[in-house]
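Engineer: A predicted structure for the sequence below; I have some questions about it.
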Amino acid sequence: MFVVLSSIEVEIHWQKPEKPNGEILEYNIFKATAGYEYSLFKTVNSKTLFVADTGLLQRTTYRLVIVLMSSENKRM
(Lines give C-alpha, C1' and ligand atoms only; values in the text may rest on other atoms or scores of the structure.)
Protein backbone atom coordinates (compact mmCIF):
# COMPACT_ATOMS: atom_id res chain seq x y z
CA MET A 1 0.00 0.00 0.00
CA PHE A 2 1.19 3.50 -0.77
CA VAL A 3 0.35 6.58 1.29
CA VAL A 4 0.97 9.86 -0.52
CA LEU A 5 2.45 12.39 1.91
CA SER A 6 3.10 15.12 -0.66
CA SER A 7 3.89 15.53 -4.35
CA ILE A 8 7.47 14.35 -3.70
CA GLU A 9 7.12 11.81 -0.87
CA VAL A 10 5.25 8.59 -0.16
CA GLU A 11 5.18 5.85 2.45
CA ILE A 12 5.28 2.25 1.29
CA HIS A 13 3.56 -0.27 3.60
CA TRP A 14 3.45 -4.07 3.44
CA GLN A 15 2.41 -7.05 5.55
CA LYS A 16 4.64 -9.91 6.57
CA PRO A 17 3.63 -13.28 5.10
CA GLU A 18 1.47 -15.57 7.21
CA LYS A 19 3.84 -18.50 6.71
CA PRO A 20 7.35 -17.30 5.88
CA ASN A 21 9.98 -19.83 4.91
CA GLY A 22 12.06 -19.55 8.09
CA GLU A 23 12.74 -16.58 10.33
CA ILE A 24 12.39 -13.23 8.58
CA LEU A 25 15.76 -11.46 8.71
CA GLU A 26 15.11 -8.29 6.73
CA TYR A 27 13.33 -6.74 3.79
CA ASN A 28 15.20 -5.32 0.80
CA ILE A 29 13.33 -2.64 -1.15
CA PHE A 30 14.37 -2.13 -4.75
CA LYS A 31 13.33 0.89 -6.83
CA ALA A 32 13.34 1.74 -10.52
CA THR A 33 11.98 4.48 -12.73
CA ALA A 34 10.49 3.71 -16.12
CA GLY A 35 13.15 2.37 -18.47
CA TYR A 36 15.80 1.78 -15.80
CA GLU A 37 16.97 -1.28 -13.90
CA TYR A 38 16.10 -1.84 -10.26
CA SER A 39 18.63 -0.87 -7.64
CA LEU A 40 18.60 -1.35 -3.89
CA PHE A 41 16.77 1.56 -2.31
CA LYS A 42 16.72 0.51 1.34
CA THR A 43 17.13 -2.47 3.68
CA VAL A 44 15.04 -2.61 6.85
CA ASN A 45 14.85 -5.06 9.75
CA SER A 46 12.19 -7.73 10.11
CA LYS A 47 10.01 -5.63 12.43
CA THR A 48 9.76 -2.68 10.05
CA LEU A 49 6.75 -2.87 7.72
CA PHE A 50 6.99 0.50 5.97
CA VAL A 51 9.49 2.97 4.58
CA ALA A 52 9.25 6.57 3.45
CA ASP A 53 10.58 7.65 0.09
CA THR A 54 11.27 11.37 -0.16
CA GLY A 55 12.77 13.56 -2.83
CA LEU A 56 10.73 11.99 -5.62
CA LEU A 57 10.45 13.73 -8.95
CA GLN A 58 7.01 14.95 -9.96
CA ARG A 59 5.42 13.29 -13.01
CA THR A 60 7.79 10.32 -12.74
CA THR A 61 6.68 6.70 -12.51
CA TYR A 62 8.45 4.61 -9.90
CA ARG A 63 8.36 0.85 -9.47
CA LEU A 64 9.16 -0.85 -6.18
CA VAL A 65 9.80 -4.48 -5.27
CA ILE A 66 10.03 -5.73 -1.70
CA VAL A 67 12.15 -8.87 -1.21
CA LEU A 68 11.94 -10.79 2.05
CA MET A 69 15.22 -12.29 3.26
CA SER A 70 14.76 -15.35 5.50
CA SER A 71 17.00 -17.66 7.49
CA GLU A 72 16.02 -20.65 5.33
CA ASN A 73 16.60 -19.54 1.81
CA LYS A 74 17.84 -15.94 2.12
CA ARG A 75 15.37 -14.92 -0.60
CA MET A 76 11.64 -15.46 -1.02
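Structural biologist: Perfect, thanks for sending it.
Engineer: which residues of this structure score low on pLDDT?
Structural biologist: 73-76 (pLDDT under 70).
Engineer: residue boundaries of the strands in it?
Structural biologist: 2-6, 9-13, 24-33, 39-45, 50-53, 62-70 (DSSP state E).
Engineer: Can you add mean neighbour count and give those back as TSV?
Structural biologist: Any C-beta I mention is one placed from the backbone N, CA and C, and that applies to glycine too. Listed next are these as TSV, based on neighbours: other Cβ atoms under 10 Å:
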stretch	mean neighbour count
strand 2-6	11
strand 9-13	15
strand 24-33	16
strand 39-45	13
strand 50-53	15
strand 62-70	15
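Engineer: Distance check, the residue most central in space within the chain against residue 59.
Structural biologist: For the chain, the residue nearest the mean C-alpha position is residue 29 (3.3 Å; Cα atoms, centre = their mean). Using Cβ to Cβ, to the nearest Å, one gets 22 Å for the distance from residue 29 to residue 59.
Engineer: Likewise for residue 30?
Structural biologist: 22 Å.
Engineer: What's the local residue count around the nearest residue to residue 7 once chain neighbours are set aside?
Structural biologist: Closest residue to residue 7 apart from its sequence neighbours, by Cβ to Cβ, 6 or more residues apart in numbering: residue 58 at 5.5 Å. Look at residue 58: counted by other Cβ atoms under 10 Å, it has 6 neighbours.
Engineer: Would you confirm that residue 58 contacts residue 9?
Structural biologist: No - if you go by Cβ atoms under 8 Å, residue 58 and residue 9 don't touch, sitting 11.1 Å apart.
Engineer: intersection of neighbour lists for those two?
Structural biologist: Common contacts of residue 58 and residue 9 (Cβ atoms under 8 Å, 6 or more residues apart in numbering): none found.
Engineer: Check the burial of residue 1 by counting its neighbours.
Structural biologist: 8.
Engineer: Enumerate the beta-bridge partners assigned to the closest residue to it other than its chain neighbours.
Structural biologist: The shortest distance from residue 1 to any non-neighbouring residue, by Cβ to Cβ, 6+ apart, is to residue 13 (4.5 Å). Counting by DSSP bridges, residue 13 is bridged to residue 50.
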